[in-house]
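In: could you work out the structure for the sequence below:
(chains A and B)
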Amino acid sequence: MLQLPFIRENRDLTIAGLRKKYVTNPEEIIDNLIASDQHRRETQQELDTTLAQSNALAKQIGELMKAGKREEAEIVKAETVNLKIRSKSLEDTLQTAETDLQALLVTLPNLPHASVPEGRTPEENEAVFSWGEKPILPADAVPHWELIKAKGIIDFELGNKITGAGFPVYRGKGARIQRALINFFLDEAIAAGYVEIQPPILINEASAFGTGQLPDKEGQMYAAGGPEATADKLFLIPTAEVPITNIYRDVILSESDLPIKNVGYTPCFRREAGSWGAHVRGLNRLHQFDKVEIVQIRKPEESYQAQQEMLEHVKGLLQKLELPYRILRLCGGDMSFTSALTFDFEVWSGAQQRWLECSSVSNFETYQANRLKLRYKVEGKMQLLHTLNGSALALPRILAALLENNQSPEGIRIPNALVPYCGFDMI
RNA sequence: AGAGAGAUGGCGGAGUGGUCUAUCGCGGCGGUCUUGAAAACCGUUGACUGUCAAAGGUCCGGGGGUUCGAAUCCCUCUCUCUCUGCCA
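Out: Take a look at the predicted model:
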């Protein structure tokens, strides 16, 4: 959530940022917001003055009562009547003003970092780095959805029967390689100084709000929480970012706690409502998938350096897995609602002959921290922290690339780094 | 799931309608003393809002109510603890 004082003092900058993210009518929204805020503050002032008067009179009554001057107290009491009516009405006005302001404020996305390129579509993302050679596959190479069928390691039809489309069943070496990847990713993160977390995979509304899934993006999550209409609403997590970052909701950290580096493996659940198209076969898009997520909480002045460190970490993972990849700096229109700067990693899928997104590393600056009320004290002043996160890594597309790129007449070769985790070197 | 008790500042813990502007202790920070430290002593120590800075206002688990005035009384929700039951 953007901070009102910032918007007030940086109107033009805010409007320009919103425009880069393709928000419609940013001037109108911001001017409206500034006017509402002005109104809110005036009402607050008026209410405060009225309450101050009431408080003074109440104190006076107390003293008179104590002194036994009952009749004088009654006279003062009569004076409070109007003040009370007035403060009641001001309170209502203020309440409405605050609710409206908040409702408007939460609809605004984060402002993009200066380095974010202009652009609306994924085609306008900027490739900033690439590594590895695209493999030359045998003429009879096939995409992963055929490989998994042939090897009997992932069964989509079975998942269909148990749950529905997009919930595959992993079996035998398919299940073992999943577990191997998870452990490999966790161990690498732990070696890099991250503390492992096992969070709940259901979250409440406050948590969903804290990281920016609510309001509005409710439709992307699966809801749970019981059949009663009055039951608290819970959601299956779309990413471990939500429960892990929310550990620090309403927390005031001390400088010595920083930096915070957490890693967690969780399954992730996404409804992906309306986003199923032609080339989302096999593991390319699922409703349930596994992911190891890294989360950092940093001082503002360190956060961009931390993001670079996170990029290096993810690079290391892909290189150890011997997968060709590239890094994209996302353009304003393709970035998520809450992010200030996002880098996507894409692995090369040899048989599909296309890049597959497998990680997204973002700096949210104070956007989430403001919602979370995640702060620390520096030189006696409270300051919002910066939150960052990144996939390190999401499994399905890694597995897809790994299977496709390493296929050979002898079988599918497991990268050396993964062999100790798998317990086999060929599928 | 049943019965009972409770929720107060970083922690412990007072406070049952009117200087609560929340007692006190611990912890933290600053100082005195010391070569340095410990001990002792003195001082200081919450958040939000508002402002150039103030004044002022709000906050005692959440929400609502009674009252001129609520940490304190009433309603409601949530959570925690103890006992009993059930259970991976």
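In: now do the helices in the stretch 151-300 of chain A.
Out: A:156-162, A:173-191, A:205-211, A:241-245 (DSSP state H, counting those that start in this stretch).
In: now do the last one: everything it contacts.
Out: Right, the one you point to is helix A:241-245. Helix A:241-245 has contacts (C-beta atoms under 8 Å, 6 or more residues apart in numbering) with A:197, A:199-201, A:203, A:207-208, A:210-211, A:213, A:237, A:262, A:264, A:266, A:293, A:295, A:368, A:372, A:387, A:389. Heads up, the C-betas are built off the backbone N, CA and C, glycines and all.
In: of these, keep whichever come out buried.
Out: Buried members of the contacts of helix A:241-245, counted by 16 or more other C-beta atoms under 10 Å: A:197, A:199, A:201, A:203, A:207-208, A:210-211, A:213, A:237, A:262, A:264, A:266, A:293, A:295, A:368, A:372, A:387, A:389.
In: RNA strand B contacts on chain A?
Out: A:4-5, A:41, A:44-45, A:47-49, A:51-52, A:54-55, A:57-59, A:61-62, A:65-66, A:77, A:80-81, A:84, A:252, A:375, A:377, A:382 (C-beta under 7 Å from any atom of the strand).
In: just the ones of the contacts of helix A:241-245 in strands?
Out: A:197, A:203, A:262, A:264, A:266, A:293, A:295, A:387, A:389 (DSSP state E).
In: out of those residues, which is nearest to RNA strand B?
Out: residue A:203 (14.1 Å; C-beta to the nearest atom of the strand).
In: is the closest one in contact with residue A:237, as I believe?
Out: Yes. Using C-beta atoms under 8 Å, residue A:203 is in contact with residue A:237, at 5.6 Å.
In: circling back: pLDDT check: weakest of the ones in strands among the contacts of helix A:241-245?
Out: For those, the weakest pLDDT value sits at residue A:203, with 87.
In: residues in contact with that one?
Out: Neighbouring residues of residue A:203 by C-beta under 8 Å, 6+ apart: A:234-235, A:237, A:242-243, A:246.
In: buried ones among those residues?
Out: A:234-235, A:237, A:242-243, A:246.
In: for these, which one is nearest residue A:426?
Out: Of all those, residue A:237 has the smallest distance to residue A:426: 34.5 Å, by C-beta to C-beta.
In: check what pLDDT the closest one gets.
Out: On the pLDDT scale, residue A:237 gets 92.
In: grab the nearest non-local neighbour of it.
Out: Once flanking residues are discounted, residue A:237 sits nearest to residue A:201: 5.1 Å by C-beta to C-beta, 6 or more residues apart in numbering.
In: now residue A:162
Out: residue A:169 (7.0 Å).
In: got the contact list for residue A:237?
Out: A:199, A:201-203, A:221, A:243, A:266, A:268-269.
In: determine which two of those residues are furthest apart.
Out: The widest separation within these (C-beta to C-beta) is 15.4 Å, between A:199 and A:221.
In: measure residue A:263 to residue A:398 for me?
Out: Going from residue A:263 to residue A:398 by C-beta to C-beta, to the nearest Å gives 16 Å.
In: can you check residue A:375 too?
Out: 36 Å.
In: more crowded one of those two?
Out: residue A:398 (26 against 19; other C-beta atoms under 10 Å).
In: which helices and strands does the host helix or strand of that one pack with?
Out: Here residue A:398 sits within helix A:395-405, counting by DSSP states H and E. For helix A:395-405, the packing partners by 3 or more C-beta pairs under 8 Å, 6 or more residues apart in numbering; DSSP states H and E come out as helix A:144-151, helix A:173-191, strand A:288-298, strand A:341-349, strand A:354-363.
In: can you list these in TSV and add distance to residue A:32?
Out: Below are the helices and strands packed on helix A:395-405 laid out as TSV (distance: least, C-beta to C-beta, whole Å):
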stretch	distance to residue A:32
helix A:144-151	50
helix A:173-191	44
strand A:288-298	33
strand A:341-349	27
strand A:354-363	28
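In: between these, which one is nearest to residue A:281?
Out: Among the helices and strands packed on helix A:395-405, helix A:144-151 sits nearest to residue A:281 (C-beta to C-beta), with 5.4 Å.
In: tell me the mean pLDDT over that closest one?
Out: The model assigns helix A:144-151 a mean pLDDT of 93.
In: with stretch A:22-40 instead?
Out: 91.
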